[in-house]
Structures are given as C-alpha cells and as structure tokens.
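Peer 1: when you get a sec, could you give me coordinates for this:
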Amino acid sequence: MRGRIISLFVMSLFILSCTLNKEKKEYKELKDSCNDSNLYQSIFSYELEHPAHFESKLDLAKLNLFAGNYSKAWEYLIRADGILKNSKNVKVSDSDLSSMYASFATLNLLSNDLEQASEYVKKAYAVPKYGANYGYLKGRIDFALKNSDSAWDVFEKTYKKFPEQISAEEIKTYMYLAADRKEYKKALDLLELYFTKGAFFPGLGLFASGIYEKNGNLERSVFTAFLDYEYQSCFTKQNDKLFVENLKNAITKAESEGHTDEMNALKAVIALYTDSEFPIIETDFFAYKYIYYKYKYLHSQWVPNDAKYYFSIENNMNTFPIYYWLIWEVVSKADIKNYSNWTSILEKILLLNRSIYTDKARIALGKIAGFSEKDAEKLLIPAEVQVILNNYFSTEDEDILNPIYNFISLNDNSYVYSALAILKSYSAQSPLFKKVLSAKADVSIGRLKERLLFILN
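Peer 2: Predicted coordinates:
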C-alpha cells in the first residue's frame, strides 16, 4: 500500500512538472510572437486564463511600471509575490527573482519609502549573476539614504561592468556623487554624458557651470549658467535689468584678469539683452548655438538653412518651451500658406510643464485648426486627453473630465476626432467609464450629446 502511495505521488510530480514545462514553453512562444503594440494585451489575456502563473504577473507589473501606471504595477507585483510565497510548486528563475525584488525596490523608491526600497534592492543585488544588473538602482537608493560611500562604491563597480546600461537618472546621481567627492574630472565626464542622454532640469545649468569652472573651462561655465536663467525665465518673470548689471560686472572682471574666453562668452549672453556686438565663437557647444540662433532671431537675421542647424540641438533643449516658441515665431513670420507641417512644434510646447508660452501655443495651434481664439483655448492634443484620463482613473473625480467635454463640443476637427477615438477605446475597455459617459450623455444636449452617443455606440 505504501509503495502504491509513493508511486502515485511520484506520478503526480511528473505530471505537474510536465504541465509547468508546457506552460513555460507556451508562454515563451506567446511573448516571442508579440510585437510592441500587442504585447501587453496578449500577456494580460494569458494572465486572466492562468491565475496561478507567476511570470505573466511579473511581466505585467514591469510593463505597468515602465508605462508609469504605478498602482497597476503594485497590484500585479503583489500578486506575483503571493504566488511565490504560497505555492511550493512554482519554480522561479534567478533572473525573475532579482527582477521582482528590483521592481519592488523601484516602486518603494518612487513612493519615497527609502527603507523598504533599500531592503528590496539588497535582495535583488544579492542574487548571484543577475543581481549585479541592479547596481545602479542600489546606488540611487543608497544615495537617497545619504549612504554616499556605499553609493559611490556600487556606482564605480557597476559602471565599469555595464557602462552602456546606465540611464540618464543614474548618470545624474553618479555625477552629483562625483562632485560631492571633489572628483571634478569624473563629474565632468558624467555631465557631458548626461547632456547626450538626459533632459535639462532646474539647477542643472548652475551645477554644470560649477563643474566647468573647476575644470578650467570658463567659457562653458558662462553658457551653462545662462541656461539656468533662461529656463527659469520660461516659467517665472526674471529681473533682466539686474541680470544685465551682473553680466557687465562679470565682463569687467574677466577682462581685468585676462580671461578672454570667459569675457567673450559673457559678451555673447549680454548681446541678447542689449545692443552690444555679438562675438562669433568657434565652438560646437549646444548652449552657445542656442544663444547664437536666439540672437539671430532677435535681430531678424535667420536664413532658411538656420532651421536645420537649430534643430540639431533639440535633444539638449527639448525641455525649454522658448526653444520651440522661437522657431515657431520664425516660421509664423515667413510667407508660408500652410503651417500644418509645423504644428508639432506647438504641440511640443503643450507637452512641457506649463509656461508663459503654453497659452500662446494653444491659441496658435487652435487657429491653425480652424477654431476661433475663444474655442482655441479649449483645444486638447491627444497626449493631453490621455493625461486627463489617467488622472481621472487614478482619482475617479468626474470633474477632471470637464475639459474633455468642453473640447469635444467644438466643431469637427482632426484633434476632436482623435479625442473621440481615445474615449471610444477607453469606453470599450471600462464598463465603469462607459457608465460615467452614459450618465453625462443623459444630461447633455446638442453636439456634446451627439458626440457622447457616438462614443458609447
């Protein structure tokens, strides 16, 4: 009898092993057959049909984390962890194990729960072979916890092993660490790497100015300090008169000390605010190029080929609303009958943080689309519709949807059609959202009612 029980037990393990192997092969084939557009939906459908499947839940967690859907990422990650803890039959690869811990660490870091983030990243980093991939994440968390020595050691080790894998955010942490340790040459190398990978942020210009000064490049120190002033000017009114006075004093000082490069850089900046002569400097540095083309714009000196060279620095200036507004100003003053090829410039301004150019860009875009100025103020580009919907689904506050209702009440237009398509897609996916739209349709009249009925059908 005992032998029979053992035989049945062994047989059940064999059957379970075959089932798990078949499931693993099936899931791999599913992912291999997907492209970027249908990967999420395919994994989502598979996960629904296999509620005890670990890897699909982990993949959905990572995909949501990458997309910024943090609440969904938490949900799938907790479910994956639950399967791991509650099922003795689940075999998880070291790669997936370290990935799961790293995902938990990232979500806790984003939630500013640094102690929990640290606990999870230690687990991820400790997994043999695969844990080293999360050295940059560990360094960021150590830095946030003010464990600077540990952060520096892990960044140094990881950067030597995986220099190509470092992200912009990780470069940012690493270069600040280097500066804190007075490793100014290393900080400069990382800063210039950041300029190729990362976006400008408040304070970067002043930080860069200090690093260039420590490395003896006073010309670039001036240009990057100006970038910080220019960036802030996009969002708040600055005291240009005081700024110019400071520039004049700096020019006098640089001239008396014989710092010709610094003096010429300062003269290039001050020429944007005064009638002084603009010095031509032989450099490919993006900040100088921006200053040069802004000067040409201010003095109506642009020629057709300038646009090509101006766009060559977009990667470095793509968080500056004024960068896009300047090119739009040049284009709008040209004798062009059709501006449709240039609307993307205005759309990029709307995608950035709200600035003094946001309303100007929206109205200009709306007029191109055929709206009156009053209606143009209600225009939403597809990305803005998406942001509003994401905010609504996060809060379930129906008032958040009012700008969308106001917009889709306008005359027929390609932007309106795009919004309707997005809403129709969400309505098909979410019964609760469809119910909200239906309730709005019941109390609406005219074009809004027609549009909502179209979305619901």
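
Peer 1: only C-alpha atoms from now on, for both contacts and neighbour counts.
Peer 2: OK.

Peer 1: can you give me the helices for the stretch 301-450 of the chain?
Peer 2: With DSSP state H, counting those that start in this stretch as the criterion, the stretch 301-450 of the chain has helices at 306-311, 314-317, 321-333, 343-351, 358-368, 373-376, 382-395, 402-408, 414-429, 431-442, 446-456.

Peer 1: make a markdown table out of these and add mean pLDDT and distance to residue 273.
Peer 2: As requested, the helices of the stretch 301-450 of the chain are arranged in a markdown table below (pLDDT from 0 to 100; distance: least, Cα to Cα, whole Å):
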| stretch | mean pLDDT | distance to residue 273 |
| --- | --- | --- |
| helix 306-311 | 92 | 20 |
| helix 314-317 | 96 | 20 |
| helix 321-333 | 93 | 15 |
| helix 343-351 | 95 | 24 |
| helix 358-368 | 94 | 22 |
| helix 373-376 | 94 | 31 |
| helix 382-395 | 91 | 35 |
| helix 402-408 | 97 | 39 |
| helix 414-429 | 94 | 38 |
| helix 431-442 | 95 | 52 |
| helix 446-456 | 96 | 48 |
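
Peer 1: give the contact list for residue 348.
Peer 2: 321, 324 (Cα atoms under 8 Å, 6 or more residues apart in numbering).

Peer 1: which regions of this protein sit below the pLDDT cut-off?
Peer 2: Counting by pLDDT under 70, the chain contains low-confidence ranges at 1-23, 37, 335-337.

Peer 1: centre-most residue in it?
Peer 2: residue 199 (8.7 Å; Cα atoms, centre = their mean).

Peer 1: thought residue 168 was touching residue 197?
Peer 2: Yes. Under the contact definition of Cα atoms under 8 Å, residue 168 touches residue 197, with a separation of 5.5 Å.

Peer 1: in three-state terms, label the residue nearest to the centre of the chain for me.
Peer 2: Following DSSP: H, G, I helix; E, B strand; the rest coil, the label given to residue 199 is coil.

Peer 1: report the separation between it and residue 395.
Peer 2: For residue 199, the distance to residue 395 equals 29 Å [Cα to Cα, to the nearest Å].

Peer 1: now do residue 35
Peer 2: Taking Cα to Cα, one finds residue 35 at 31 Å from residue 395.

Peer 1: verify the contact between the residue nearest to the centre of the chain and residue 316 for me.
Peer 2: Yes. Residue 199 lies in contact with residue 316 (Cα under 8 Å); the separation is 6.6 Å.

Peer 1: for residue 291, which non-adjacent residue is spatially closest?
Peer 2: Spatial nearest neighbour of residue 291, chain neighbours left out: residue 269 (6.9 Å); criterion: Cα to Cα, 6 or more residues apart in numbering.

Peer 1: next one: residue 286
Peer 2: Nearest one to residue 286, counting by Cα to Cα, 6+ apart, is residue 313 at 5.8 Å.

Peer 1: residues in contact with the one you found?
Peer 2: With contacts defined as Cα under 8 Å, 6+ apart, the neighbours of residue 313 are 286, 289, 290.

Peer 1: quick check, nearest of the residues you listed to residue 163?
Peer 2: residue 286 (24.0 Å; Cα to Cα).

Peer 1: for that closest one, give its distance to residue 302.
Peer 2: 18 Å.

Peer 1: hang on, residue 261 packs against residue 218?
Peer 2: Yes. Assessed by Cα under 8 Å, residue 261 is found in contact with residue 218 at 6.8 Å.

Peer 1: let's have the helices of the stretch 301-450 of the chain in a markdown table, adding distance to residue 231.
Peer 2: Listed next are these as a markdown table, based on distance: least, Cα to Cα, whole Å:
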| stretch | distance to residue 231 |
| --- | --- |
| helix 306-311 | 17 |
| helix 314-317 | 10 |
| helix 321-333 | 8 |
| helix 343-351 | 13 |
| helix 358-368 | 14 |
| helix 373-376 | 26 |
| helix 382-395 | 22 |
| helix 402-408 | 28 |
| helix 414-429 | 29 |
| helix 431-442 | 39 |
| helix 446-456 | 39 |
